[in-house]
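Q: this one's sequence-less:
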């Protein structure tokens, strides 16, 4: 059990103009001892819309998107593509907002491809990167015009050939190769998506191993597909300490692209994937995104590669700290010396991450009593019949009372998108401000 000093850091009571709490941004601000979401006080929003409630910020999402866009354009004369990993959060307003800004789409299922098309994304701006795909999956994706399909396995290519010959014999279908550079990185073993095995020993299922990339490109071309890119994804949730391994993967990507070019494959784009995320605690150091982008652009421009475009796939980075979950305290419970804030939502139905990943922690604050000086250890307990249904264990916070509103922060990514109707409970409503 963590000591009090090691418990998840909690913000001070109130900020000043010169000192902000580590999680504050243009969306989340403490003013006069209250939590504001944009220009509205959080308890007011909770009263107007009810709880549990997801709240997302358009301005915060755009702030992150524009930062990546500026860094890419400042450092490269090539075309730059920001593929939004829509598995992080597929809220229609988020997708529409990003589409208007020129975002592309990273889709991992036929349903995501179809949702993106319905919301106005052109097929040429969609990259489908599925795993363990079926013939049915491929038919649905091949039906869309201009979508690039990423090959995740040598064996997948054979399935793609069968579907093309049976249903799309004369159709031009662009393909990219998702290759596994042999190194991976994620905040949890369950989010490490490259290398031979994740840190807990689970074999990594993603990507084509290095020695098979060129043969698969050749076979894809022979089967009538049009190879146009290389793709890699190492994992999710990088912070500063992950930079050296990520740097190695960038170098390996450039080398592999050189090898492909020498074999006659003049690729259109290199996709370096996503993985960089927000800070979830005060002791985490943010991933050096500017340094990373400068590394990618420098390595490409120093090479003789003929690629036309550089691609990144931010998902979590764009939306995580642009979303929060508001919960109401139904009552306080004391049992065996443990103090629980019993709230009107469950983790599996709103924020499954802490239940799925032991490493996942979300800051939680008492919006109703930010100006209280006393701090006590509180376990925030959900309303599901599951021992693991707790939003946070023994968190230091202002002592809640019945009716108080709690905010689970950094909840915009992989929360609503992973939520279920476990116990036949409702999934929280969402608003976009």
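A: Everything's here; your move. Note that the structure is predicted; figures quoted are calculated from it, not measured.
Q: show me what counts as buried in stretch 284-298.
A: Neighbour-count burial for stretch 284-298, counted by 16 or more other CB atoms under 10 Å, picks out 284, 287-289, 292-293, 295-297. C-beta: built from backbone N, CA, C; applies to glycine.
Q: got the contact list for stretch 209-228?
A: Under the contact criterion CB atoms under 8 Å, 6 or more residues apart in numbering, stretch 209-228 has outside partners 148, 151, 154, 157, 160-161, 164, 172-177, 179-182, 208, 230, 252, 256, 259-260, 263, 265, 267-269.
Q: can you flag the buried ones in those?
A: Buried among those by 16+ other CB under 10 Å: 148, 151, 157, 160-161, 164, 173-177, 179-181, 208, 230, 252, 256, 260, 265, 267-269.
Q: show only the entries of those residues found in strands.
A: Among the buried ones among the contacts of stretch 209-228, the ones falling in strands (DSSP state E) are 148, 151, 174-177, 179-180, 208, 230, 269.
Q: so residue 183 touches residue 250, yeah?
A: No. With contact defined as CB atoms under 8 Å, residue 183 does not reach residue 250; the gap is 10.6 Å.
Q: give me the more crowded residue out of the two.
A: residue 250 (20 against 17; other CB atoms under 10 Å).
Q: what is residue 343 paired to in the beta sheet?
A: Listed beta-bridge partners, residue 343: residue 329 (assigned using DSSP bridges).
Q: please begin residue numbering at 18 from this point
A: New numbering, starting at 18: the last item is residue 360.
Q: and the pLDDT for it?
A: Per-residue confidence at residue 360 stands at 98 (pLDDT).
Q: which parts of the stretch 168-317 of the chain are strands?
A: Using DSSP state E, counting those that start in this stretch, the strands assigned to the stretch 168-317 of the chain run over residues 191-197, 225-226, 243-248, 286-288.
Q: what is the mean pLDDT for the first one?
A: What it means is strand 191-197. Taken as a whole, strand 191-197 carries a mean pLDDT of 96.
Q: same question, the last one
A: Model confidence over strand 286-288, given as mean pLDDT, is 97.
Q: try the second one
A: Computed over strand 225-226, the mean pLDDT rounds to 94.
Q: for stretch 101-120, same thing?
A: Stretch 101-120 comes out at a mean pLDDT of 98.
Q: endpoints of that stretch, how far apart?
A: For stretch 101-120, the first-to-last residue distance is 7 Å (CA to CA, to the nearest Å).
Q: repeat that for stretch 365-382.
A: Stretch 365-382: ends 20 Å apart by CA to CA.
Q: now that stretch: buried residues?
A: Within stretch 365-382, the residues that count as buried by 16+ other CB under 10 Å are 365-374, 377-382.
Q: closest one to residue 98 out of the residues you listed, please.
A: Taking CB to CB as the measure, residue 98 lies nearest residue 370 of those, at 27.7 Å.
Q: now do the residue nearest to that closest one when sequence neighbours are not counted, the pLDDT please.
A: Distances taken as CB to CB, 6 or more residues apart in numbering put residue 377 closest to residue 370, at 4.0 Å, once the chain neighbours are dropped. In this model, residue 377 is scored at 84, pLDDT.
Q: which residues of the stretch 68-217 of the chain score low on pLDDT?
A: For the stretch 68-217 of the chain, no stretch has pLDDT under 70.
Q: in it, which spans are helices?
A: For the stretch 68-217 of the chain, applying DSSP state H, counting those that start in this stretch gives helices covering 75-92, 109-117, 127-135, 152-159, 171-184.
Q: got JSON lines for those helices, with distance to residue 396 too?
A: Converted to JSON lines, the helices of the stretch 68-217 of the chain look like this (distance: least, CB to CB, whole Å):
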{"stretch": "helix 75-92", "distance to residue 396": "29"}
{"stretch": "helix 109-117", "distance to residue 396": "31"}
{"stretch": "helix 127-135", "distance to residue 396": "35"}
{"stretch": "helix 152-159", "distance to residue 396": "41"}
{"stretch": "helix 171-184", "distance to residue 396": "45"}
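Q: which one of those helices lies nearest to residue 99?
A: Residue 99 sits nearest to helix 75-92 of all the helices of the stretch 68-217 of the chain, at 5.7 Å, using CB to CB.
Q: check the buried residues of stretch 301-315 and tell me the two furthest apart.
A: Put simply, by CB to CB the two of the buried residues of stretch 301-315 set farthest apart are 301 and 314, 25.9 Å from each other.
Q: relative to residue 251, how far out is the residue positioned nearest the centre of the chain?
A: Of all residues in the chain, the one closest to the mean position by CA atoms, centre = their mean is residue 333, 2.7 Å from it. Between residue 333 and residue 251 the computed distance is 13 Å (CB to CB, to the nearest Å).
Q: quickly note the distance from the closest residue to residue 174 other than its chain neighbours to residue 363.
A: Leaving aside its chain neighbours, residue 174 sits nearest to residue 168 (5.3 Å; criterion: CB to CB, 6+ apart). Residue 168 sits 38 Å away from residue 363, going by CB to CB.
Q: picking that back up, what's the most distant pair in the ones in strands among the buried ones among the contacts of stretch 226-245?
A: Maximum distance among these (CB to CB): 21.1 Å, for 191 and 197.
Q: residue 58 contacts residue 47, doesn't it?
A: No. Between residue 58 and residue 47 there is no contact under CB under 8 Å: 10.7 Å.
Q: who has more neighbours, those two?
A: Using other CB under 10 Å, the more surrounded residue of residue 58 and residue 47 is residue 47, with 22 against 16.
Q: surely that one is in a strand?
A: Yes. Assigned with DSSP: H, G, I helix; E, B strand; the rest coil, residue 47 falls within a strand.
Q: bridging residues for it?
A: According to DSSP bridges, beta-bridge pairing links residue 47 with residue 52.
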